[in-house]
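Asks: okay, structure incoming, though there's no sequence with it:
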């Protein structure tokens with residue numbers, strides 16, 4: 001079976017699998033990246049996701065972040081399209097502008113905020129690195145305000161700070177759409193409150209483009225989208241781009257065989273990957289217990305664990321595409337194989353039983 005397609009927006013049809021390129025330029029060389037892109041494209045994937053900050057080794061730990069690899073993911077993606085002579089309308093390119101962090105000083109000084117100047121500069125730089133005239137989907141990587149994310153679950157009012165108005169961000173994105181630099185806009189790592197505020201701002205200013213997608217984490221181990229965000233997206237016709245559908249590889253089962261390969265991300269960057277080790281911490285009993293039960297379900301029904309995890313995400317009616325990463329060709333093939341899998345009612349019932357026992361251990 002070929003990779004199915006999804007109409008994300010008018011004249012924007014994306015494959016239901018989206019190859020994330022975060023590892024390009026760090027874990028993957030240029031040659032390796034081209035091999036992955038070739039196989040993905042030839043297998044029916046037309047949707048590729050990047051970000052201006054990629055590639056990077058570690059998020060939230062300054063001493064291990066790499067200024068010299070920033071932007072390399074977009075560069076590799078652009079070089080591949082040009083070198084292979086692929087018609088621009090055959091691929092859908094998504095990328096992201098970095099939100100304020102105060103740590104990535106090599107990206108516009110931090111960046112300090114998401115004002116019009118920062119957004120415009122980010123778009124122009126991404127266009128240059130991608131060697132293209134337009135970006136199909138431009139996303140705000142994370143909000144320009146305090147929100148609990150990357151494993152945090154509780155909102156702390158004391159951590160809120162003065163942020164750039166959503167209206168200003170939309171205005172800058174609207175100007176980029178009018179200029180033909182981007183086609184559609186999306187959000188990432190956003191909350192129900194933030195999504196609705198963007199939509200309300202777009203409604204008030206009729207010339208502003210509307211949000212078409214939300215790229216948030218979703219997997220067997222993280223179904224937090226299914227509460228408030230799912231209702232918002234359903235009523236507002238916003239679709240989910242589900243990132244980390246394998247929970248950073250945990251749901252493949254590879255970490256349960258002697259601790260996993262030495263070059264697996266949680267091993268390769270052990271002690272240096274703050275987001276990964278807080279959100280996907282295998283020392284937490286509920287994560288390991290839930291994962292083991294999902295692996296047992298896969299075994300019981302003759303499914304590859306990757307097929308179970310990916311097929312579960314793709315069956316969600318609000319999921320447009322599953323955004324996944326792969327550093328090796330055989331990993332990519334395992335994800336592609338999931339397109340041939342349709343989960344039975346019995347499998348879903350057992351999955352939901354595990355979820356009720358261990359709800360969202362990797363939020």
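Replies: Yes, it's here. It should be emphasised that the depicted structure is a prediction, and the values quoted were computed from it without experimental measurement.

Asks: what is residue 138 paired to in the beta sheet?
Replies: residue 95, residue 185 (DSSP bridges).

Asks: again, but for residue 216
Replies: Beta-bridge partners, per DSSP bridges, of residue 216: residue 242.

Asks: need the contact list for it.
Replies: If you count contacts by Cβ atoms under 8 Å, 6 or more residues apart in numbering, residue 216 has them with 188-190, 225, 229, 240-243. In this view, the C-beta of every residue, glycine as well, is placed from N, C-alpha and C.

Asks: again with residue 332
Replies: Residues near residue 332 by Cβ under 8 Å, 6+ apart: 19, 36, 39-40, 43, 326.

Asks: can you tell me which of the residues you listed end up in strands?
Replies: Members of those lying in strands (criterion: DSSP state E): residue 19.

Asks: which members of the contacts of residue 332 are the farthest-apart pair?
Replies: 43 and 326 (11.6 Å; Cβ to Cβ).

Asks: pick out whichever of those two has more residues nearby.
Replies: Taking other Cβ atoms under 10 Å, residue 43 and residue 326 do not tie; residue 326 has more neighbours (21 against 17).

Asks: just to revisit the earlier point, of the contacts of residue 332, which is the nearest to residue 205?
Replies: residue 19 (34.0 Å).

Asks: apart from its chain neighbours, what residue comes closest to the closest one?
Replies: residue 40 (4.6 Å; Cβ to Cβ, 6 or more residues apart in numbering).

Asks: so what's that neighbour up against?
Replies: If you count contacts by Cβ under 8 Å, 6+ apart, then residue 40 has 17, 19, 48, 332 around it.

Asks: and those, which two are furthest apart?
Replies: Longest span within those, Cβ to Cβ: 48 and 332, 12.6 Å.

Asks: need the residues touching each of the two.
Replies: 19, 40.

Asks: all strands of this structure, in order?
Replies: Going by DSSP E, the chain shows strands at 5-9, 12-15, 17-20, 47-49, 92-97, 135-140, 182-188, 211-217, 239-243, 319-324.

Asks: out of those strands, nearest to residue 169?
Replies: Proximity to residue 169 (Cβ to Cβ) singles out strand 135-140 among the strands of the chain, at 6.8 Å.

Asks: list the buried residues in stretch 193-207.
Replies: Applying a neighbour-count criterion of 16 or more other Cβ atoms under 10 Å, one finds 194-199, 201-202 buried in stretch 193-207.

Asks: so residue 252 sits right up against residue 335, yeah?
Replies: No: Residue 252 is not in contact with residue 335 according to Cβ atoms under 8 Å; the separation is 9.7 Å.

Asks: settle it for me: which of these two has more neighbours?
Replies: residue 335 (25 against 21).

Asks: got CSV for the strands of the chain, with mean pLDDT and distance to residue 265 too?
Replies: As requested, the strands of the chain are exported to CSV (pLDDT from 0 to 100; distance: least, Cβ to Cβ, whole Å):
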stretch, mean pLDDT, distance to residue 265
strand 5-9, 98, 28
strand 12-15, 98, 24
strand 17-20, 98, 12
strand 47-49, 99, 17
strand 92-97, 98, 20
strand 135-140, 98, 22
strand 182-188, 98, 20
strand 211-217, 98, 15
strand 239-243, 99, 14
strand 319-324, 98, 13
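
Asks: which among these is found nearest to residue 162?
Replies: strand 135-140 (17.6 Å).

Asks: and that closest one with strand 239-243, angle?
Replies: 80 degrees (axes from the mean of the first three to the mean of the last three Cα atoms, to 10 degrees).

Asks: tell me what strand 135-140 is packed against?
Replies: strand 92-97, helix 116-130, helix 166-178, strand 182-188, strand 211-217 (3 or more Cβ pairs under 8 Å, 6 or more residues apart in numbering; DSSP states H and E).

Asks: chain center to the fourth one, what's the gap?
Replies: Think strand 182-188. For strand 182-188, the gap between its own C-alpha mean and the chain's C-alpha mean amounts to 13 Å (Cα atoms, centre = their mean, to the nearest Å).
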